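Undergrad: no sequence on this one, just coordinates:
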Ligand SMILES: [Zn+2]
């Protein structure tokens, strides 16, 4: 696990290792740094320095660019908005050494040029700390952090969950899923694959109409998706019966088809086909919901987050 290399890097350099965020942060020589391991198998390190004069900004950018030829693992290095950002490709156990050497070199260069550590937001070099804000680690001054917490409180007060609108949205979204399910069934394809779309439409509908996806909203959306998926399969079987019987009996309507479904489910062949469709549908629904569930739980636990870390 390359994340472990980041924790080793943190331990070797006296930084804090935050397993929850998967981040290393703290003072590296005279500079606060934050380091993350990304899904793209690279490390992203941020360091904030205050550089005012345009020619010195250009100097720093050119210096960082020059590092690309010395460090093959270095994918990217730039300076923008008070922030030096580097991304380093993970190559295994040597990552610890690569990151340490690279940052020593950058910190040395900044110190030599008197580039002071600063707030990411405003560039102030006073009262700095590393803060955890909405799941991110950032070097901020106390003023910017305070402003941030006020904004956060205001934003969350304005953004209220509206479950009634949310349920309406989920039901509306589920109709898209039902229509699609019935259509795919009629074509003769495995309708179950639409289970994926059903969950996305219900959860997305809730989110759009309610303005916010809460844990309750997510559970309601999933319940609606489960019920509507069953309804969609039921309707599909009813239409199938109608299509067969209308040939023999002109008075046989779609309603008659739907009414006949329970009787036909007595036939093991029809029942097992229906169960197979539903099983695929529910499995795919579960798969498509997982990322939503993970996001919602992570978001609700991070949404209000604004803490001083180091
Ligand atoms: Zn600031």
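TA: Everything's here; your move. Bear in mind the structure is a predicted one, so any value in this text is a computation, not a measurement.

Undergrad: quick one, domains of the chain?
TA: According to automatic domain parsing, the chain comprises the domains 2-157, 163-302.

Undergrad: will you turn those domains into TSV that also has mean pLDDT, distance to residue 308 and mean neighbour count?
TA: C-beta here means a position set from N, CA and C on the backbone, and glycine is covered the same way. Converted to TSV, the domains of the chain look like this (pLDDT from 0 to 100; distance: least, CB to CB, whole Å; neighbours: other CB atoms under 10 Å):
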stretch	mean pLDDT	distance to residue 308	mean neighbour count
domain 2-157	93	5	17
domain 163-302	90	16	18
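
Undergrad: so which of those gets nearest residue 309?
TA: Residue 309 lies closest to domain 2-157 among the domains of the chain, at 4.8 Å (CB to CB).

Undergrad: Could you see whether the ion lies near the closest one?
TA: Yes - Domain 2-157 comes into contact with the ion (CB under 5 Å from the ion), by way of 119, 121-122, 124, 141, 144.

Undergrad: Now residue 134. Its backbone dihedrals?
TA: phi 50, psi 50 (degrees, to the nearest 10).

Undergrad: That one against residue 307, yeah?
TA: No - using CB atoms under 8 Å, residue 134 is not in contact with residue 307, being 10.7 Å away.

Undergrad: Now intersect the residues of domain 2-157 next to the ion with the strands, please.
TA: Per DSSP state E, strands hold the following members of the residues of domain 2-157 next to the ion: residue 141.

Undergrad: Which ones among the residues of domain 2-157 next to the ion lie within helices?
TA: Secondary structure from DSSP state H places residue 144 of the residues of domain 2-157 next to the ion in helices.

Undergrad: Let me have the residues of domain 2-157 next to the ion in JSON lines, extended by distance to residue 255.
TA: Below are the residues of domain 2-157 next to the ion laid out as JSON lines (distance: CB to CB, whole Å):
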{"residue": "119", "distance to residue 255": "68"}
{"residue": "121", "distance to residue 255": "64"}
{"residue": "122", "distance to residue 255": "68"}
{"residue": "124", "distance to residue 255": "72"}
{"residue": "141", "distance to residue 255": "69"}
{"residue": "144", "distance to residue 255": "65"}
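
Undergrad: All the helices of the stretch 151-300 of the chain, in order from the start?
TA: For the stretch 151-300 of the chain, the helices defined by DSSP state H, counting those that start in this stretch occupy 163-187, 195-210, 215-245, 254-264, 268-302.

Undergrad: just the stretch 1-150 of the chain next, same as before
TA: Along the stretch 1-150 of the chain, counting by DSSP H, counting those that start in this stretch, helices occupy 2-12, 54-70, 95-112, 142-158.

Undergrad: contacting residues around the longest one?
TA: Okay, so that is helix 95-112. Helix 95-112 is contacted from outside by 2, 5-6, 8-9, 12-13, 28-31, 33, 35, 43, 45, 47, 49, 60, 63-64, 67, 71, 73-74, 84, 86, 88, 91, using CB atoms under 8 Å, 6 or more residues apart in numbering.

Undergrad: In this structure residue 172 contacts residue 205, no?
TA: Yes - here residue 172 reaches residue 205: they are 5.3 Å apart, a contact under CB under 8 Å.

Undergrad: what's across from the nearest residue to residue 14 once chain neighbours are set aside in the sheet?
TA: Leaving aside its chain neighbours, residue 14 sits nearest to residue 26 (6.7 Å; criterion: CB to CB, 6 or more residues apart in numbering). Applying DSSP bridges to residue 26 gives these bridge partners: residue 33.

Undergrad: Is residue 26 in contact with residue 32, as I believe?
TA: Yes - with contact defined as CB under 8 Å, residue 26 counts as touching residue 32 (7.0 Å).

Undergrad: Give the residues shared as contacts by these two.
TA: Taking CB under 8 Å, 6+ apart as the criterion, residue 26 and residue 32 both touch 130, 310.

Undergrad: now stretch 155-171, how far from the chain's geometric center?
TA: Distance, stretch centre to chain centre, for stretch 155-171: 20 Å (CA atoms, centre = their mean, to the nearest Å).

Undergrad: cool, stretch 225-237 as well?
TA: Stretch 225-237 has its C-alpha centroid displaced from the chain centroid by 29 Å (CA atoms, centre = their mean).

Undergrad: what sits up against it?
TA: Residues from elsewhere that reach stretch 225-237 (CB under 8 Å, 6+ apart): 170-171, 174-175, 177-178, 181-182, 185-186, 191, 194-195, 198-199, 201-203, 258, 261, 264-265, 270, 274, 277-278, 281-282, 285, 289.
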